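A.B. asks: Quick one, what's the 3D model for this:
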Amino acid sequence: MPIVAQSTETTDWVSRFADEVIEESERRAPGKPVVVASGLSPSGPIHLGNLREVMTPHLVADEIRRRGHQVRHLISWDDYDRYRKVPAGVAGVDESWAEHIGKPLTSVPAPKGSSYPNWAEHFKAAMVESLAEMGVEFDGISQTAQYTSGVYREQILHAMRHRGDIDAILAQYRTKPKAKKQQQKAVDEAELEAEEGSGAAAEDDGSAGGAGYFPYKPYCGNCEKDLTTVTSYDDDTTELSYTCNECGFTETVRLSEFNRGKLVWKVDWPMRWAYEGVIFEPSGVDHSSPGSSFQVGGQIVGIFGGEQPIGPMYAFVGISGMAKMSSSRGGVPTPADALKIMEPQLLRWLYARRRPNQSFKIAFDQEIQRLYDEWDKLAAKVAGGNSQAIGSGGGSALPGDVAAYTRAVGTAAGELPKTPRPLPYRTLASVADITAGHEDQALRILSELDPQRPLSSLAEARPRYDKAEAWINTHVPADQRTIVREEPDAELLKSLDEASQRSLRLLLDGLAEHWSLDGLTHLVYGVPKVQAGFSADATPKELPPEIKTAQRTFFALLYQLLVGRDTGPRLPTLLLAVGQERVRTLLGQ
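C.D. replies: Reported below is the predicted structural model:
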């Protein structure tokens with residue numbers, strides 16, 4: 001199997017894979033569209049770890065498309081997989097759903113209140129909607145439709161004829177001790193669930209039957225479950241007999257006409273590689289260990305006349321703020337959860353900027369503000385750079401960073417819809433926090449951020465403003481929300497010493513002149529400098545260390561007088577939000 005050289009932080013891993021995939025496709029299937037693939041099991045909420053299964057081939061497929069090649073990105077919906085367990089934290093689902101364990105996912109009822117016809121369609125729909133918002137173009141394939149319509153009939157019969165060869169390959173690994181899985185630090189049980197993957201990697205390989213090895217499992221004609229054992233099979237007539245270990249039902253069918261069953265996972269996956277002509281498909285840690293599905297599949301695929309795809313292993317995607325989230329909502333966050341609080345460009349960037357074998361975290365806590373700052377700085381560098389300047393120093397973006405940014409903001413089909421005025425996320429979050437849903441107040445504050453270029457309507461700041469507001473409302477605890485005082489703290493004002501009183505007078509005297517985001521930033525940092533006998537424009541290098549202490553003390557006083565706490569949103573934003581008149585009242589003028 002071809003191996004891609006390790007890239008560095010300044011190179012573009014997507015281009016490296018695209019080079020290799022194009023070359024391999026021309027060798028295997030010249031003149032045909034390049035085929036890349038993902039597989040998703042809608043066995044429950046499809047989480048952000050599963051999204052890497054889609055984003056890795058999507059980014060490679062999009063690069064190939066940008067180069068003018070035809071490419072198909074297949075997403076196999078593994079909706080004919082068995083229902084393995086009742087997932088935690090799914091609304092409308094309780095332990096009574098355990099009666100469906102063993103049925104195909106498309107035969108399990110949807111959670112209560114769902115408008116979808118079955119379990120698989122319910123969870124598939126949310127992912128399809130998120131992928132559309134992220135600009136991911138794909139061809140979806142329902143494995144229920146493929147199997148029940150007889151599309152794979154010849155492949156199934158072929159596997160049964162060659163069951164001895166398949167069994168011999170699997171036998172090489174059955175007696176070998178499994179490699180100990182390298183544990184990564186996980187925050188809690190919900191995050192471990194994300195790390196474990198779908199569970200397909202541990203599926204039965206068909207060896208459990210007493211009448212020999214059969215790589216095919218029928219779903220019971222009575223109870224619909226796959227808790228069946230094949231008791232006999234005739235290659236000439238294709239007659240297959242099985243017994244259900246759950247309900248005792250027995251049946252004899254002709255496999256050449258029978259469509260209610262599927263190949264076991266370790267045979268099913270390589271069969272599809274050959275059937276679809278897949279050139280590139282990544283796999284998670286659970287499918288990539290020694291003796292696992294991907295490794296074994298690399299040998300079994302030859303039985304079907306195919307070759308193993310180029311298949312990088314992708315690493316774990318963690319969640320910052322996971323413990324807080326999972327305790328309140330159960331389960332692990334999905335792409336839809338992330339897209340409520342961040343623009344699709346940022347989410348795409350998180351997957352594009354790291355090589356598949358690098359783990360990373362998606363922030364649902366305060367870290368999201370830092371991520372947005374980093375994203376905006378990169379956007380400014382890319383916008384201000386040129387082909388000569390990029391990577392040449394002077395603060396310009398490195399080529400790998402430019403590539404990741406370009407892949408994040410759009411696809412070969414064009415740029416994704418974006419916020420016309422992308423104001424700082426932390427500022428928008430602070431404004432949404434302080435105004436508590438009052439859009440007229442939010443517009444007033446945001447218009448005063450830059451008096452030279454005032455915002456004319458909130459539409460200019462959307463959808464980023466809406467994402468920041470959603471983050472404030474759903475991920476910031478109530479005790480960390482900002483509530484501005486209704487009345488001045490007369491007792492605190494009365495107790496202030498002369499130095500503190502003077503600092504407030506300096507601030508109040510400069511309010512009108514400095515009433516903008518930049519102006520107020522200069523003012524609040526400048527007051528302690530002026531009090532100490534320095535210029536308000538003095539840089540940190542020109543100041544003694546104690547000025548920083550004086551600034552922190554001054555900031556804490558302002559927070560106490562304005563919101564009754566020692567900390568809060570950035571003071572310039574807070575002052576703009578409160579408004580000049582109310583600031584003067586609360587500061588005792």
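A.B. asks: In contact with the residue of the chain positioned farthest from its centre, which residues?
C.D. replies: Relative to the mean C-alpha coordinate of the chain, counting by C-alpha atoms, centre = their mean, the farthest residue is Glu498 (53.2 Å). Contacts of Glu498 were listed using C-beta atoms under 8 Å, 6 or more residues apart in numbering, and none were found. (C-beta placed from N, C-alpha, C; glycine too.)
A.B. asks: Let me see the mean pLDDT of the helix or strand containing Asp268.
C.D. replies: Mapping Asp268 onto the secondary structure by DSSP states H and E places it in helix 265-276. If you average the pLDDT over helix 265-276, you get 97.
A.B. asks: Extract the C-alpha trace of it and format it as CSV.
C.D. replies: The C-alpha trace of helix 265-276 is given here as CSV (Å, rounded to 0.1, in the frame of the first residue of the first chain):
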residue,chain,number,x,y,z
TRP,A,265,-18.3,-6.7,8.7
LYS,A,266,-14.7,-7.9,8.0
VAL,A,267,-15.9,-9.2,4.7
ASP,A,268,-18.5,-6.6,3.9
TRP,A,269,-16.0,-3.7,4.0
PRO,A,270,-13.4,-5.1,1.5
MET,A,271,-16.2,-6.4,-0.7
ARG,A,272,-17.4,-2.8,-1.0
TRP,A,273,-13.9,-1.5,-1.8
ALA,A,274,-13.7,-3.8,-4.7
TYR,A,275,-17.4,-3.2,-5.8
GLU,A,276,-17.1,0.6,-5.8
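A.B. asks: Tell me the helices and strands packed up against the helix or strand just after that helix.
C.D. replies: If you walk from helix 265-276 toward the C-terminus, the next helix or strand you reach (DSSP H and E) is strand 283-284. In this structure, strand 283-284 makes packing contacts with helix 48-66, strand 313-314, judged by 3 or more C-beta pairs under 8 Å, 6 or more residues apart in numbering; DSSP states H and E.
A.B. asks: wait, which of the ones you listed is closest to Val278?
C.D. replies: Minimum separation from Val278 across these (C-beta to C-beta) falls at helix 48-66, 9.5 Å.
A.B. asks: Other residues contacting stretch 12-26?
C.D. replies: Residues beyond stretch 12-26 that count as contacts (C-beta under 8 Å, 6+ apart) turn out to be 2, 4-5, 7, 32, 34-36, 59-60, 63-64, 67, 69, 279-280, 310, 312, 352, 355-356, 399-400, 403-404, 407.
A.B. asks: quick one: low-confidence parts of this structure?
C.D. replies: The chain contains residues with pLDDT under 70 at 1-11, 175-204, 207-210, 287-288, 322-331, 385-395.
A.B. asks: What segments of it are strands?
C.D. replies: Counting by DSSP state E, the chain has strands at residues 34-40, 71-77, 139-142, 216-218, 228-233, 239-244, 250-254, 261-263, 283-284, 313-314, 317-320, 360-363, 410-411, 414-415.
A.B. asks: Reformat the ones you listed as JSON lines; add distance to Gln452 and mean neighbour count.
C.D. replies: Listed next are the strands of the chain as JSON lines, based on distance: least, C-beta to C-beta, whole Å; neighbours: other C-beta atoms under 10 Å:
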{"stretch": "strand 34-40", "distance to Gln452": "47", "mean neighbour count": "25"}
{"stretch": "strand 71-77", "distance to Gln452": "45", "mean neighbour count": "22"}
{"stretch": "strand 139-142", "distance to Gln452": "49", "mean neighbour count": "16"}
{"stretch": "strand 216-218", "distance to Gln452": "69", "mean neighbour count": "22"}
{"stretch": "strand 228-233", "distance to Gln452": "73", "mean neighbour count": "19"}
{"stretch": "strand 239-244", "distance to Gln452": "76", "mean neighbour count": "20"}
{"stretch": "strand 250-254", "distance to Gln452": "77", "mean neighbour count": "14"}
{"stretch": "strand 261-263", "distance to Gln452": "65", "mean neighbour count": "24"}
{"stretch": "strand 283-284", "distance to Gln452": "50", "mean neighbour count": "25"}
{"stretch": "strand 313-314", "distance to Gln452": "46", "mean neighbour count": "20"}
{"stretch": "strand 317-320", "distance to Gln452": "36", "mean neighbour count": "22"}
{"stretch": "strand 360-363", "distance to Gln452": "32", "mean neighbour count": "20"}
{"stretch": "strand 410-411", "distance to Gln452": "30", "mean neighbour count": "19"}
{"stretch": "strand 414-415", "distance to Gln452": "27", "mean neighbour count": "10"}
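A.B. asks: Which one of those lies nearest to Val86?
C.D. replies: strand 34-40 (19.2 Å).
A.B. asks: helices and strands around the closest one, which ones?
C.D. replies: With contacts defined as 3+ C-beta pairs under 8 Å, 6+ apart, the secondary structure elements packing on strand 34-40 are helix 13-28, helix 48-66, strand 71-77, helix 265-276.
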